[in-house]
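In: Give me a model of this one.
(one chain, ligands or ions: 3)
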Amino acid sequence: MSQRSRFDDYLVQQGVSRRAFIKLCSSLGSLLALPAAALPALADQLRQARRPVVIWLSFQECTGCTESFTRSHSLTLEDLIFNYLSLDYHHTLQAAAGEAAEAARRSSMQQHYGKYLLIVEGSIPLGYGGACSTIAGRTNLDLLQECTAGAAAVMAIGSCAVFSGLPGAAPNPTSATGVADLMQQGLIALRPMVNIPGCPPLPVAISAVLAHFLLFDRFPPVDELGRPLSIYAETVHDRCSRVHFFEQEKFALSFDDEGARKGWCLYKLGCKGPVTHNACAVLKWNKKTSFPVQSGHGCLGCSEPGFWDKGGFYRALDDVASGYSPPAIAHDTAISEGQQLYETNCVYCHAANPAQLKTPAEKVTEVLRSSSLRAHRNLQFSAHQLDALARYLQSKK
Ligand code: FSX
Ligand code: SF4
Ligand code: F3S
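Out: Residues are numbered from 1 along each chain as shown. Ligands and ions are numbered 1, 2, ... in the order given. As a prediction, the model looks like this:
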């Protein structure tokens, strides 16, 4: 398949019908906070997407993130999107080794300079001059600097790449650092970036963000830690099936007591669900079979900053003091909110790229307020939402 062929060609090759593809995309709408009615149109738009070139770097990590994304048992949207990427460099999956692998990376980066998507898993060690982890004789930081410079956008996958994760646990012997932190320190080039934490992240979270990138050529709206709002806005606790026991103060006090047998809340056994932003309770793992709390173990808080040092596995939240403050990603929350409003309401009739709108950004809210168009009348934006929408549209001019 040519580098820039369409997703559609690949689906035909795989024998996936339009109907089957829409079904596979069924979780995509809710993951991206898009209206269900728009799904067939979005699936068709996704079929037209061009094949993205990806450089995938793995630093200090356990390869769990790649495993999570690639180990599905039946055909899923994750498989399809993953296999469709033009994965020009990936330590774990590429057949090439040594000089040949490095030559392939350089050649792909040259050919697609400024256009490829850079995916990073693992943290970057800054201690000992970077000697704790090297690839082809170069430090992780050196390689990341080179690859970020030519990237269109950067996706940090897994809590190690996002917040430094397990390698960064106290006493952080290698001075492990996350990608956003390096960007904020000016050690790598500033590029649009998204954080997908979790140890590992939910595979469907990775594929949803990739699908969004294929659809709109940018990442979905994010929170102040750069995590997609549609996946990380709520906590595990918000959607946990044991939450009514929490409210009734019915807690298991050991893993084999009567409370545990009755499925009571695991808060006193160290569950970090109340402070952990992730969609595990809804999306679940292993073909939606279960998630940690459903299986009888508390949430470890694996998608939060400094999760290893925030009470480990079994200390109850009441006893845990957090001394870790993560680097925020510089962005404007009003713009993120405006982007979400645009993508959930406007893109079905107007251009996916708001820079192509015919009405000037400063006139859009006026038009929306006074419009007699039926489609516009159905939109009930508050003054605050109109303001956020205007901010977003102006930022795209
Ligand atoms: Fe870290 Fe991922 Fe945990 Fe492992 O690449 S987020 S240790 S699942 O592998 O980086
Ligand atoms: Fe919340 Fe954890 Fe209890 Fe579930 S088990 S209700 S996530 S504290
Ligand atoms: Fe991680 Fe907690 Fe989900 S430990 S996998 S965020 S339930």
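
In: For the chain, list the residues in contact with ligand 2, please.
Out: 236-237, 240, 242-243, 246, 265-267, 271, 273-274, 293, 298-299 (Cβ under 6 Å from any ligand atom). To be clear about C-beta, it is placed using only N, CA and C from the backbone, and glycine gets the same treatment.

In: Closest one of these to ligand 3?
Out: Cys299 (3.2 Å; Cβ to the nearest ligand atom).

In: For the closest residue in space to the closest one that isn't next to it in sequence, give me its contacts.
Out: Among residues not flanking Cys299 along the chain, Gly273 sits closest, at 4.2 Å (Cβ to Cβ, 6 or more residues apart in numbering). Contact analysis of Gly273 by Cβ atoms under 8 Å, 6 or more residues apart in numbering lists 235-237, 240, 266-267, 281, 293, 298-299.

In: Among those residues, which are located in helices?
Out: Applying DSSP state H to these, the entries found in helices are Ala281.

In: which one of the contacts of Gly273 sits closest to ligand 1?
Out: Cys299 (14.7 Å).

In: Tell me the residues of the protein that contact ligand 3?
Out: 198, 236, 276, 278, 280, 291-293, 299-300, 302-303.

In: how about the strands of the chain, start to end?
Out: Using DSSP state E, the strands of the chain run over residues 53-58, 86-90, 116-121, 124-125, 134-135, 138-139, 151-157, 176-177, 193-196.

In: Sheet partners, orientation included, of the first one?
Out: In other words, strand 53-58. strand 86-90 (parallel), strand 116-121 (parallel) (DSSP bridges).

In: Dump those strands to CSV, plus mean neighbour count, mean pLDDT and distance to ligand 1.
Out: Formatted as CSV, the strands paired with strand 53-58 follow (neighbours: other Cβ atoms under 10 Å; pLDDT from 0 to 100; distance: least, Cβ to the nearest ligand atom, whole Å):
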stretch, mean neighbour count, mean pLDDT, distance to ligand 1
strand 86-90, 19, 82, 12
strand 116-121, 26, 96, 3
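
In: OK, now which residue of the chain is nearest to ligand 1?
Out: Gly64 (2.5 Å).

In: For the residue lying closest to that residue once chain neighbours are set aside, grab phi and psi.
Out: Using Cβ to Cβ, 6+ apart and skipping the chain neighbours, the partner closest in space to Gly64 is Pro200 (4.2 Å). When read as degrees, to the nearest 10, the backbone of Pro200 gives phi -90, psi 180.

In: if I look at Gln184, how far off is Leu269?
Out: According to Cβ to Cβ, to the nearest Å, Gln184 and Leu269 sit 36 Å apart.

In: Those two: who's more crowded?
Out: Each of Gln184 and Leu269 has its neighbours counted (other Cβ atoms under 10 Å); Leu269 has more, 22 against 15.

In: ok, the more buried one - contacts?
Out: Per Cβ under 8 Å, 6+ apart, neighbours of Leu269: 251-255, 298, 314, 316.

In: repeat that with 7 Å
Out: Listed by Cβ atoms under 7 Å, 6 or more residues apart in numbering, the contact set of Leu269 reads 252, 255, 298, 314.

In: Please apply the same query to Tyr232.
Out: By Cβ under 7 Å, 6+ apart, the contact list for Tyr232 reads 223, 277-278.

In: again with Trp285
Out: Here Trp285 is in contact with Phe291 (Cβ under 7 Å, 6+ apart).

In: do the same with Cys302
Out: Applying Cβ under 7 Å, 6+ apart to Cys302 gives the contacts 159, 198-199.

In: So which of those belong to helices?
Out: Using DSSP H, these in helices are Ser159.

In: Compare the contacts of Cys302 and tell me which has the most neighbours.
Out: Busiest of those [other Cβ under 10 Å] is Ser159, holding 32 neighbours.

In: ok, so what distance separates His277 from Ile231?
Out: 9 Å.

In: burial of Arg261, as a residue count?
Out: 11.

In: hmm, back to that, show the buried residues in the contacts of Leu269.
Out: 252, 298 (16 or more other Cβ atoms under 10 Å).

In: Report the lowest-confidence entry in the contacts of Leu269.
Out: Within the contacts of Leu269, pLDDT reaches its minimum at Tyr314, with 88.

In: Unless I'm misreading it, it sits right up against Lys272, doesn't it?
Out: No - the criterion here is Cβ atoms under 7 Å, and Tyr314 misses it with Lys272 at 10.5 Å.

In: Write out the residues of this structure neighbouring ligand 1.
Out: So far as Cβ under 6 Å from any ligand atom goes, the chain lies against ligand 1 at 61-65, 121-122, 158-160, 165-166, 199-200.

In: Tell me which two of those residues sit farthest apart.
Out: Between any two of the residues of the chain next to ligand 1, the greatest separation by Cβ to Cβ is 13.9 Å, found for Thr63 and Ser159.

In: contact partners of the least confident helix or strand in the chain by mean pLDDT?
Out: Here the helix or strand of the chain ranked lowest by mean pLDDT, DSSP states H and E is helix 374-377, holding a mean of 71. Helix 374-377 has contacts (Cβ under 7 Å, 6+ apart) with 349, 368.
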